[in-house]
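**Q** coordinates only, sequence not included:
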């Protein structure tokens, strides 16, 4: 390949190594490596009941021509009309949200939606000033980190740490630290949070909403794991939206990541902007995901399977993984973030003599893939020791793989502490 000296500024920026690319590369390599234990990437669980459900649903759609029709036709740049209308209707009826189809736009996965949103709002402005996205609580999702066309579009804040019983802990937004001025374009949070499984409380969401409104900036909520679907949420959480909220959802964690269907719910002006970007960059979002989800809404299955199949499956898996970890690692310096949702456990090894980047390399050499914590603390000027003591582990693998993987983690952690 020729030297990158011929690339544009955009080319230079997006040709760099990034955490998310490494994570997805590990995921792909691990899937092809016999015996690898995949505790790293975010591939959702293959829930047998959901696999059967999707198999039956798509067979019906093949039989009645819907699937072929979705494959053989473009939708408009906003996304499949019928699905957008059905979803608006469902949310309006279930939660009394004041929305119509003009408040929803689709994208090819929510990762694309965040790229569009962050660059729509942050970075270089028409008056040459520079704006940033404020992340009220780091650690935050690794996939945001490199998504700005301009560098340095995030500012994030350290959380308050509440120590809990059973060697658990929980992060909270430290509102006393947050500063908002003209340089902030939006506030963004994931709920529940990838990587930690932290669920911001209803009270924290209300406070962030007030902060956003007072400063005339949007509140972006990444709801990829959240309520009402796929509802991988283990504590009480009220679904939240108003015309100053940009709510991002996805079909991935229902068990359909290969369909790449992201959903953005926002005011009409924001939806129009995203629709224009869709048209320019991708012509139209993919059609198969919305066709499948449309079917799920029509048969009243979307919320039902989220509540009755997906949520209990993940809750039981997370409890099992916590028990295995607490059993395998008896060091009092080890704590687990209270699992309140999503599909990861966030492990904290206080006073670990090596970084979790080094631990990641040692585990990878033994065929166990995790994600080092360093990647999740972007948008901060000063180094924080805590960032080098944490790692993210998914808990969706088979019980056998979980047990073997955790045994290897326990061994390597003991060696490192020794």
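**A** Here it is on my side, so go on. Computed from a predicted model, the values in this text were never measured in an experiment.
**Q** how about stretch 170-184: buried residues?
**A** Buried positions in stretch 170-184, judged by neighbour count with 16 or more other C-beta atoms under 10 Å: 170-171, 173, 178, 184. Yep, even glycine has a C-beta here, placed from its N, CA and C like the rest.
**Q** and what of stretch 194-213?
**A** For stretch 194-213, a neighbour-count test (16+ other C-beta under 10 Å) marks 194-201, 204-205, 207-209, 211-212 as buried.
**Q** so what are the domain limits for the chain?
**A** Domains of the chain are assigned by automatic domain parsing as 7-50+305-417, 74-302.
**Q** so how many other residues sit close to the residue nearest to residue 362 when sequence neighbours are not counted?
**A** The shortest distance from residue 362 to any non-neighbouring residue, by C-beta to C-beta, 6 or more residues apart in numbering, is to residue 412 (5.1 Å). Using other C-beta atoms under 10 Å, residue 412 has 19 neighbouring residues.
**Q** ok, residue 412 to residue 14 distance?
**A** As defined by C-beta to C-beta, to the nearest Å, residue 412 lies at a distance of 34 Å from residue 14.
**Q** cool, residue 227 as well?
**A** 33 Å.
**Q** Checking residue 307 next. Helix, strand or coil?
**A** helix (DSSP: H, G, I helix; E, B strand; the rest coil).
**Q** how many other residues sit next to it?
**A** Look at residue 307: counted by other C-beta under 10 Å, it has 15 neighbours.
**Q** just residue 313 next, same as before
**A** So residue 313, with other C-beta under 10 Å, has 18 neighbours.
**Q** what helix or strand is it on?
**A** Residue 313 is part of helix 311-328 when elements are defined by DSSP states H and E.
**Q** again with residue 412
**A** helix 399-417.
**Q** Any buried residues in that helix, and which?
**A** Buried-residue list, helix 399-417, by 16+ other C-beta under 10 Å: 401-406, 408-410, 412-413, 416.
**Q** Over to stretch 232-248?
**A** In terms of neighbour count (16+ other C-beta under 10 Å), stretch 232-248 has its buried residues at 232-234, 237, 239-241, 245-248.
**Q** how far is that stretch from where the chain is centred?
**A** 14 Å (C-alpha atoms, centre = their mean, to the nearest Å).
**Q** before we move on, what SS does residue 106 have?
**A** strand.
**Q** so who does it touch?
**A** Going by C-beta atoms under 8 Å, 6 or more residues apart in numbering, residue 106 touches 75, 78-80, 83-84, 261-264, 278, 285, 289-290.
**Q** ok, which stretches of the stretch 151-300 of the chain are helices?
**A** 202-214, 268-282, 288-298 (DSSP state H, counting those that start in this stretch).
**Q** which stretches of the protein have low pLDDT?
**A** Scanning the chain for pLDDT under 70 picks out the ranges 1-4, 19, 22-24, 26-33.
**Q** Which residue ranges of the stretch 101-250 of the chain form strands?
**A** Listed in chain order, the strands of the stretch 101-250 of the chain (DSSP state E, counting those that start in this stretch) span 104-107, 123-124, 130-135, 154-156, 160-164, 168-172, 184-190, 219-222, 245-250.
**Q** circling back to that earlier point, ok, so of the contacts of residue 106, who is nearest residue 356?
**A** Ranked by distance to residue 356 (C-beta to C-beta), the contacts of residue 106 are led by residue 262 at 29.5 Å.
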